[in-house]
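Peer 1: Quick one: sequence plus predicted model below, questions after.
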Amino acid sequence: MTAAMDISITKVERSKLLDMSLENLPFGKYFTDHMLEADFENGEWKNIEIKPYQPLLLSPSLAALHYGQAIFEGIKAYKNEEGDAFIFRPHDNFNRFNISAERMQMPQVPEELFMEGMRQLIELDKNWIPFKEDHSLYIRPFMFSSDELIGVRPSDNYKFMIILSPTGPYYSTPMRIYVEEQYVRAAPGGVGYAKAAGNYGAAMYATAEAKKKGYDQVLWMDAYEHKYVQECGTMNVFFIIGNTAITPGLEQGTILNGVTRQSTIALLKEMGFTVEERELSIHDIIDAYKAGLLYEVFGTGTAATITLIKELRYKDFDMKFDVEQWKTAPTIKRWLADIREGRREDKYGWMVKV
């Protein structure tokens, strides 16, 4: 494929946007007029097209439905005050997508297919980007095995797609979190670092149990001792202890290398914090809380952006926080929004113009 990729484009006759408003959008419920679709067959990518958003016709024997070879990414696009469209750090998501593909024994998606396909799709549907606080155009690239064959092995054929969804906030209020000690999200040697569909399916039971107890999400612990922090629901997690920001490290391959996580680390350093990526036990967190040194706890993710945690429950011990007094997480959230919407200098080169 060449840089000037030839993508077949079929436009809708009438936009769905004419019949709806981009006000008060729930997360991930509505989708734009068009989608991108491409097939991997006989060792190459072909049939690359942008066409009206529509259902897929799939065989009941589709391999992805039986053996879980499916990965995805989450990216966001924004508008600045002049109405120009920008994508936030898409190259980082592209790189992570292919790391996930390798772990799941799937083919690499070429950069020009991923990036140029995304750019052309968003250019076509850029009127769907909301210009409102905590709103954006959520971009969902995904790939799944498409062999029509029952058999436990990597497929020969795959489908790569991108769909777009104008969305509001994923979590609209500060969260109550239950520290999960029984169920495990990921173990060393597993697929925790990959954005594999099965990771999310496997997490749903523990999350549902926490919700029965009145909590919004779980804080995952390590698989062996159940005392070292991993992720918070579908987010990376940060703890401000004294003048240090601590977030779990990536060395064991059990957590996702979040793009918002990377961005948060850069902005925390800009604010003057020492940032440590390392093991952190729940017992150290409790000790810091009791000593009055645990100032803030928050999650980071593409969907969630920055989500404040107002309560953390471990066994019978409750840690509660007055989030109204917090400075750090709200500042990071505001700085990210200002960079994305063109009000703050993009000195890190995170925004890619459509």
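Peer 2: Structure's in. What do you need? As the structure is a prediction and not an experimental result, all values here were calculated from the model. Numbers count the residues shown, from 1 in each chain.
Peer 1: Stretch 244-256: end-to-end distance?
Peer 2: By Cα to Cα, to the nearest Å, the extent of stretch 244-256 from end to end equals 21 Å.
Peer 1: What of stretch 183-194?
Peer 2: Start-to-end, stretch 183-194 (Cα to Cα) is 19 Å.
Peer 1: Report the rounded mean pLDDT for it.
Peer 2: For stretch 183-194, mean pLDDT is 96.
Peer 1: Can you give the contact residues for it?
Peer 2: When contacts are defined by Cβ atoms under 8 Å, 6 or more residues apart in numbering, stretch 183-194 is touched by residues 71, 99-100, 103-104, 198-199, 202-203, 205-206, 209, 218, 220-224, 226, 230-231, 250, 252-257. (Glycine included, C-beta is placed from N, CA and C.)
Peer 1: out of those residues, which are buried?
Peer 2: Listed as buried from the contacts of stretch 183-194 are 71, 99-100, 103-104, 199, 202-203, 206, 218, 220-223, 230-231, 250, 252-256; burial here means 16 or more other Cβ atoms under 10 Å.
Peer 1: Restricted to strands, list the residues you listed.
Peer 2: 71, 218, 220-221, 230-231 (DSSP state E).
Peer 1: Determine which two of those residues are furthest apart.
Peer 2: Longest distance between any two of those is 24.8 Å, between Ile71 and Met221; criterion Cβ to Cβ.
Peer 1: Below-threshold pLDDT in the chain: ranges please.
Peer 2: For the chain, the stretches flagged by pLDDT under 70 are 1-4.
Peer 1: Which parts of it are helices?
Peer 2: For the chain, applying DSSP state H gives helices covering 63-67, 90-103, 111, 117-124, 197-212, 259-271, 282-290, 328-340.
Peer 1: Indicate which one of those helices is closest to Lys46.
Peer 2: helix 117-124 (13.2 Å).
Peer 1: what packs against the closest one?
Peer 2: In terms of contacts (3 or more Cβ pairs under 8 Å, 6 or more residues apart in numbering; DSSP states H and E), helix 117-124 is packed against strand 34-41, strand 44-52, strand 85-88, strand 136-145, strand 158-167.
Peer 1: one more time with 6 Å
Peer 2: For helix 117-124, the packing partners by 3 or more Cβ pairs under 6 Å, 6 or more residues apart in numbering; DSSP states H and E come out as strand 34-41.
Peer 1: Could you give me the buried positions within the strand it packs on?
Peer 2: Neighbour-count burial for strand 34-41, with 16+ other Cβ under 10 Å as criterion, is recorded at 34-40.
Peer 1: out of those, what pair is the most spread apart?
Peer 2: Largest pairwise distance in the buried residues of strand 34-41, by Cβ to Cβ, is 20.9 Å, between His34 and Phe40.
Peer 1: contacting residues around Asn93?
Peer 2: Residues in contact with Asn93, defined by Cβ atoms under 6 Å, 6 or more residues apart in numbering, are 73, 75.
Peer 1: picking up where we left off before, out of the helices of the chain, nearest to Lys79?
Peer 2: Among the helices of the chain, helix 328-340 sits nearest to Lys79 (Cβ to Cβ), with 9.3 Å.
Peer 1: Just the C-alpha atoms of the closest one, please, in CSV.
Peer 2: Extracted as CSV, the C-alpha positions of helix 328-340 are listed here (Å, rounded to 0.1, in the frame of the first residue of the first chain):
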residue,chain,number,x,y,z
THR,A,328,-4.2,17.6,41.3
ALA,A,329,-6.6,15.3,39.5
PRO,A,330,-8.9,18.2,38.5
THR,A,331,-5.9,20.2,37.2
ILE,A,332,-4.7,17.2,35.1
LYS,A,333,-8.3,16.8,33.7
ARG,A,334,-8.5,20.5,32.9
TRP,A,335,-5.1,20.6,31.3
LEU,A,336,-5.9,17.5,29.1
ALA,A,337,-9.1,19.1,28.0
ASP,A,338,-7.4,22.4,27.2
ILE,A,339,-4.7,20.7,25.1
ARG,A,340,-7.3,18.6,23.3
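Peer 1: List the contacts of that helix.
Peer 2: With Cβ under 6 Å, 6+ apart as the contact definition, helix 328-340 has outside contacts at 78, 88, 240, 264, 267, 296, 298, 306, 308, 344, 346.
Peer 1: Between those residues, which sits nearest Val179?
Peer 2: Checking the contacts of helix 328-340 against Val179 with Cβ to Cβ, the nearest one is Phe298 at 15.7 Å.
Peer 1: Roughly how far does that closest one sit from Ile246?
Peer 2: From Phe298 over to Ile246 the distance is 12 Å, taken as Cβ to Cβ, to the nearest Å.
Peer 1: Between these two, tell me which one has more neighbours.
Peer 2: Using other Cβ atoms under 10 Å as the criterion, Phe298 and Ile246 rank with Phe298 on top: 28 against 23.
Peer 1: if we can go back for a sec, including distance to Tyr183, could the helices of the chain go into a markdown table?
Peer 2: Shown next, in a markdown table, are the helices of the chain (distance: least, Cβ to Cβ, whole Å):
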| stretch | distance to Tyr183 |
| --- | --- |
| helix 63-67 | 22 |
| helix 90-103 | 22 |
| helix 111 | 37 |
| helix 117-124 | 35 |
| helix 197-212 | 4 |
| helix 259-271 | 23 |
| helix 282-290 | 15 |
| helix 328-340 | 27 |
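Peer 1: closest to Leu18 out of those?
Peer 2: With Cβ to Cβ as the yardstick, what comes closest out of the helices of the chain is helix 117-124 (15.4 Å).
Peer 1: Understood, closing this out.
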